[in-house]
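My questions are about this predicted structure, shown below with the sequence.
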Amino acid sequence: MSITDRLNEQFKTIHSVIWIILLPVVLDIGELSLYEGIFKSEYQPISRLFNLKIGIISAPPSIRYILEDFPSLIFQYNYSSPFQGVINQVNLTNMLLLLSIILVTSFLNSGYMSVISQAGYKRVTFKDFFRDGNKLWFKFFILTLLEVIPILLILIKREFGYFSLGYIPLVYVRYSMVVDKVGLIDNLNLELVCCLKT
């Protein structure tokens, strides 16, 4: 097979999954539009000559991994202006709003991760996104709750933010949930065993 044929084959593959690639872009643009509409402010990214970032990019990816000042509609903690976003204190209304948002994002994350895991060897459609997202959303919901609890504790006392370091061993659980197809407890056990081996 010639190089041209291989490139054409790859472009066909990309064309069939372009909607998966565009999903994070649409989510970021939607969040930015809502942020600017609710807070009546226009986002101006900080321009830096040089910026070095080290971290783990989860799925779906987001522009906030490149731009550290990208506004978050829900909750954001910055050194200059500590608490920003719709949720800036702990009360019943904010907790119900947060749970609703976590439910929606858990479904979107599970659907996205499911179709990404299959995109390399079969054609994936919106039907796959909804079907597989529906199968895994509860696991992603529990995992996201574990991630959000330390963030909520920051609202009570900033020093509680160190509890978020406890989430680091669970970073790859979301990938394991999609690939290994076992229960959530088994996924957590697999991740902890891998961490202890390394």
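Arrived safely.

can you give me the helices in this structure?
Listed in chain order, the helices of the chain (DSSP state H) span 3-16, 18-39, 92-118, 126-156, 173-179, 184-197.

out of those helices, which comes closest to residue 59?
helix 92-118 (5.5 Å; Cβ to Cβ). Backbone N, C-alpha and C define where each C-beta goes, glycine included.

Would you mind checking the average pLDDT for the closest one?
Helix 92-118 comes out with an average pLDDT of 86.

list the helices and strands it packs on?
helix 18-39, helix 126-156, helix 173-179 (3 or more Cβ pairs under 8 Å, 6 or more residues apart in numbering; DSSP states H and E).

Does the longest one pack against any helices or strands, and if so which?
The elements that helix 126-156 packs onto, with contact taken as 3+ Cβ pairs under 8 Å, 6+ apart, are helix 92-118, helix 173-179, helix 184-197.

try 10 Å this time
Under the contact criterion of 3 or more Cβ pairs under 10 Å, 6 or more residues apart in numbering; DSSP states H and E, the helices and strands touching helix 126-156 comprise helix 18-39, strand 76-77, helix 92-118, helix 173-179, helix 184-197.

That one: which residues count as buried?
Using 16 or more other Cβ atoms under 10 Å as the test for burial, helix 126-156 gives 128-129, 132-133, 136-137, 139-144, 147-148, 150-155.

and if you look at the first one?
By neighbour count on 16+ other Cβ under 10 Å, the buried set for helix 18-39 is 20, 23-24, 27-28, 31-32, 35.

Which of the helices and strands in this protein ranks last by mean pLDDT?
One helix or strand of the chain scores below all others by mean pLDDT, DSSP states H and E: strand 76-77, with a mean of 60.

residues near residue 87, how many?
23 (other Cβ atoms under 10 Å).

Turn the helices and strands packed on helix 92-118 into TSV, columns for distance to residue 94.
Written out in TSV, the entries for those read as follows (distance: least, Cβ to Cβ, whole Å):
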stretch	distance to residue 94
helix 18-39	14
helix 126-156	9
helix 173-179	25
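
Which of the ones you listed comes out lowest on mean pLDDT?
If the helices and strands packed on helix 92-118 are sorted by mean pLDDT, helix 173-179 sits at the bottom with a mean of 79.

from the middle of its chain, how far away would that helix be?
Centre-to-centre, helix 173-179 and its host chain are 13 Å apart (Cα atoms, centre = their mean, to the nearest Å).

Tell me which other helices or strands that helix touches.
helix 92-118, helix 126-156, helix 184-197.

what's that helix in contact with?
The contact list for helix 173-179, computed with Cβ atoms under 10 Å, 6 or more residues apart in numbering, reads 58-59, 109-110, 112-118, 132, 135-136, 139-140, 142-144, 146-147, 167, 170, 172, 180, 182-184, 186-192, 194.

Could I have the buried ones of these as PyMOL selection syntax?
The buried subset of the contacts of helix 173-179, as determined by 16+ other Cβ under 10 Å, is captured in PyMOL by this line:
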select buried, resi 109+110+112+113+114+115+116+118+132+136+139+140+142+143+144+147+167+170+172+184+187+188+190+191
